[in-house]
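Q: Sharing a model prediction with you, sequence too.
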Amino acid sequence: MSRIQILPDLLVNKIAAGEVIERPASIVKELVENALDAGSSQISVTIEDGGKRLIRVVDDGIGMSAEDLRLAVTPHATSKITCEDDLFKIATLGFRGEALASIGAVSRLHITSRTRDEIEGNEIVVSAKHLETTQAAGCRVGTNIEVRDLFFNVPARRKFMRATATEVGHINEQLARMALGHRSVGFELTNNKRTTHRLAAESTIRERIGALYGADLAEELIPIERDERGLRIEGYVAPPARSRSTASWQYVFLNGRYIRDRSVQHAIREAYRGLMEHQRFPVAFLFLTMDPQLVDVNVHPCKLEVRWQNTQLVHSQVLSALRDKFLTSDLSPALRADAGSTSTRTDFDPTKAAEVRREAAEFYKGLVPSPMGSPIQATYEGRDFSPSIGTPPSTRPSDIRSDVWDALHNGGQTEENPPRIPTDDVPAELPQIKGYRALQVHNSYLVAETSDGLVIIDQHALHERIMYERLKAQITDGPLESQRLLMPETLTASATDMALLQEHEPLLLKLGVEANAFGEDQIAVHAFPSLLKDIDAAAFMRDLLDRLGEQHAQTSAEEVIHEVLDMMSCKAAVKAGDSLTTEEIATLIDQKGEIEKSSNCPHGRPTTLSLSVDELEKQFKRK
Ligand code: ADP
Ligand code: MG
């Protein structure tokens, strides 16, 4: 009897189906998942031209009989579920019975397969849905599937495939996910006749991470282990200094399946709270094991998301697993000469900065961005907050240059620098700062007097906005000003990174970044935007590639540029916690006026909160 059966329509309708074949990497995913479900111990993947011309997956699993082969390429035919109940205890990667049929509809599909108890195998050829041949064939036990000329019959889809290198990058990523989830299986990837990955069977988690992402990351990882309340969690997380600019380095697996899960991501972020800068994402490899009946995997077209029966339990167990470990670990960054892409900033004290931010946030909670003007709370922990604004000493302290002093004290009025004419072109609703007098509080905020009250400025948000506006203006005139590095900086790069580098070369040049492949797994940065001179070039490049990797196929070049400018501004801007000189404060305040005039497109979060004298008087019951 055949193992594979066609599912009844009623059951088909209960399956969260979707378009699964989007690009070559989706085919690799489906075929390798099938090979894993077939109990293979060795899987080899061969691709040509980024999988566009050929994808071949060879396994040594249970194989298929002649009858099963024919059913395998039929829509909604599967050996993995038979009735609705099965949907609630899925222990295989596949269960929808759609992949092979969908692949056969958009390519030339050739399968040969043999089961253990047959002396001969069988083959089947399907081309754009048409069954062309089925016949006996001599072959080894296991299955060999070849997909050629993807989308040859769907020109619209063929157009959407990206540069070969990009598709290779996606294939690498899919394969890495499956290899991480199935360490007992050996994997091999051959790209255009060159074997690029050879992953030994029976690997430990750490070995596999090392083989995929480099020994230096693997060495620094912190082991995580917990087995409570029916949820087993094992794996590794990286020290805070390894953080990335996107969450794509959080590899989370449930019963061997790679998943994206908001509650797990949230728990990871919570565990690292205060240990890293805002907007950074920890690197983590977490493997969760639980009874399949306690989670629904039939919710997402690509089976990337799941629905937990008890989300709270998953969240709290992941959080505790990490937190407990951190309490007994040394998380300080490993300061090494060859730290490469590791951030080596030593002047940033994340714990202190987080504390300041928390306090400040607490205090400013009641304040509302200026355009809206609503109730204002100016007390903190029961104390009145009355910063002494705008009364600089009347004689110039010796550590302040005279021109700066003039700027600060006389509103910039010197002989060479006549007073700025009160501007009519500043929109009336914007509170205008009087002169350049401002006080820095908590090394994070600037408080300044305005014509009708006072403003509190977030120094980082303001500086970031200024940078953004300037970069935006500059880039319309040509490439950003760039500076050659004395010694190129190198960073470890994956095949995906290499592909992104190639694909985005024009963009990078525009941004003043000159970088190229250096050996097989390194990228060398030769020139770098002058604006970012104080920033670690390798770390910047790392973040940039991560961001570019997150872009969708349809993102426009314009959007990509703006996203990158955004990131550059954020990096180049002063941080919360940076102490500013009087001169720096004056410059910031000065530029604030400039951007408010020039920009009519508000960007990002608010930079300024304002309090009018009127409001103050109401609050103090003078009115
Ligand atoms: P699904 O994996 O959801 O069942 P597929 O279309 O991917 O659907 O595969 C259909 C069926 O073909 C599977 O249920 C399985 O029985 C069989 N099959 C596919 N690939 C293999 C393989 N590599 N080895 C053995 N059987 C396979
Ligand atoms: Mg499948």
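A: Thanks, I have it. Ligands and ions are numbered 1, 2, ... in the order given.
Q: Every contact and neighbour count from this point should use C-alpha atoms.
A: OK.
Q: separation between the residue found closest to Gly169 once you drop the neighbours it is linked to in the chain and ligand 1?
A: Excluding the flanking residues, the one nearest Gly169 by CA to CA, 6 or more residues apart in numbering is Thr496, at 3.7 Å. To ligand 1, Thr496 is 26 Å away according to CA to the nearest ligand atom, to the nearest Å.
Q: Who are the contact partners of Thr496?
A: Applying CA atoms under 8 Å, 6 or more residues apart in numbering to Thr496 gives the contacts 165-166, 168-170, 172-173, 549.
Q: That one and ligand 2, how far apart?
A: Look at Thr496 and ligand 2: by CA to the ion, to the nearest Å, they are 25 Å apart.
Q: show me where the stretch 51-200 of the chain has strands.
A: Ranges of strands within the stretch 51-200 of the chain are 54-59, 77-78, 108-114, 121-127, 130-137, 142-148, 186-191, 194-199, based on DSSP state E, counting those that start in this stretch.
Q: any idea of the pLDDT on Ile535?
A: Listed pLDDT for Ile535 reads 83.
Q: For the strand or helix carrying Ala499, buried residues please.
A: Assigned by DSSP states H and E, Ala499 belongs to helix 495-503. Buried residues in helix 495-503, counted by 16 or more other CA atoms under 10 Å: 495-503.
Q: quick one: contacts of the following helix or strand past that helix?
A: Downstream of helix 495-503, the first helix or strand assigned by DSSP H and E is helix 505-510. For helix 505-510, contacts defined as CA under 8 Å, 6+ apart pick out 475, 478-480, 514, 561.
Q: Of all the strands of the stretch 51-200 of the chain, which one comes closest to ligand 2?
A: Closest approach to ligand 2 among these (CA to the ion): strand 77-78, 8.1 Å.
Q: so, in contact with ligand 1 or not, the closest one?
A: Yes. Counting by CA under 6 Å from any ligand atom, ligand 1 is contacted by strand 77-78 at 77-78.
Q: hang on, the earlier thing: which of the contacts of Thr496 sits closest to Met568?
A: Of all the contacts of Thr496, the one sitting nearest Met568 is Gly549; the distance, using CA to CA, is 16.4 Å.
Q: Kindly state the pLDDT recorded for the residue nearest to Gly169?
A: 82.
Q: residues in contact with the residue minimising distance to the centre of the chain?
A: The residue lying closest to the centre of the chain (CA atoms, centre = their mean) is Thr246, at 2.3 Å. Thr246 sits next to 280-281, 543, 546-547 when contact means CA under 8 Å, 6+ apart.
Q: If we use 6 Å, what do you get?
A: By CA atoms under 6 Å, 6 or more residues apart in numbering, the contact set of Thr246 is Phe281.
Q: Can you tell me the element Leu544 falls in?
A: Residue-wise, Leu544 maps onto helix 537-550 under DSSP H and E.
Q: Okay, domains of the chain per the record?
A: The chain breaks down into these domains under automatic domain parsing: 9-203, 207-327, 333-409, 422-623.
Q: now check the second one, is it near ligand 2?
A: Yep, that's domain 207-327 we're talking about. No. Domain 207-327 stays clear of ligand 2 (CA under 5 Å from the ion), getting no nearer than 11.2 Å.
Q: what about that domain, start to end distance?
A: 25 Å (CA to CA, to the nearest Å).
Q: and what of the first one?
A: Between the opening and closing residues of domain 9-203 there is a gap of 41 Å (CA to CA).
Q: looking at this, Ala524 is in a helix?
A: No. Using DSSP: H, G, I helix; E, B strand; the rest coil, the assignment for Ala524 is strand, not a helix.
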